[in-house]
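J.: the amino acid sequence is not available; the structure is as follows:
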Ligand code: SF4
């Protein structure tokens, strides 16, 4: 899977300008299977655009990585029927 940074993916979203993950890099947000997403979630918890990021991920059905503090599995659970 190609790692894409949120600033590259969400080029039309203004909230990306305040994305804290820009300073961290994408690898923590796309952990390999079995790896912890704890570091990414900790960054998300301190991010001022967490809500917007999560809404974007849910709207665009982002399947991979941590967005808005939620893993792929957690996002699926957040939206019944997915
Ligand atoms: S909530 Fe997390 S993934 Fe989303 S922009 Fe902020 S740091 Fe990045």
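T.: Everything's here; your move. Everything numeric here is computed off the predicted structure, so don't read it as measured data. Numbers count the residues shown, from 1 in each chain.

J.: where does the protein come near the ligand, residue by residue?
T.: 6, 19-21, 29, 43-44, 47, 49-50, 53, 66-69 (Cβ under 6 Å from any ligand atom). Every C-beta, even on glycine, is put in place using the N, C-alpha and C of the backbone.

J.: tell me which of the residues you listed fall in helices.
T.: Applying DSSP state H to the residues of the chain next to the ligand, the entries found in helices are 6, 43, 44, 50, 53.

J.: could you measure from the fourth one over to residue 32?
T.: Put plainly, it is residue 50. Residue 50 is 23 Å from residue 32, where distance means Cβ to Cβ, to the nearest Å.

J.: so these two - more neighbours on which side?
T.: Taking neighbours as other Cβ atoms under 10 Å, residue 50 and residue 32 compare with residue 50 leading, 19 against 7.

J.: isn't the more buried one up against residue 44?
T.: Yes. Look at residue 50 against residue 44 with Cβ atoms under 8 Å: they come within range, at 5.5 Å.

J.: next SSE downstream of whichever strand or helix holds residue 58?
T.: Residue 58 is part of helix 50-59, with elements assigned from DSSP states H and E. Reading on from helix 50-59 to the C-terminus, the next helix or strand found by DSSP H and E is helix 72-78.

J.: counting contacts, what elements does that next one pack onto?
T.: helix 50-59 (3 or more Cβ pairs under 8 Å, 6 or more residues apart in numbering; DSSP states H and E).

J.: check the offset of the helix it packs on from the chain's centre.
T.: When C-alpha coordinates are averaged (Cα atoms, centre = their mean, to the nearest Å), helix 50-59 and its chain have centres 8 Å apart.
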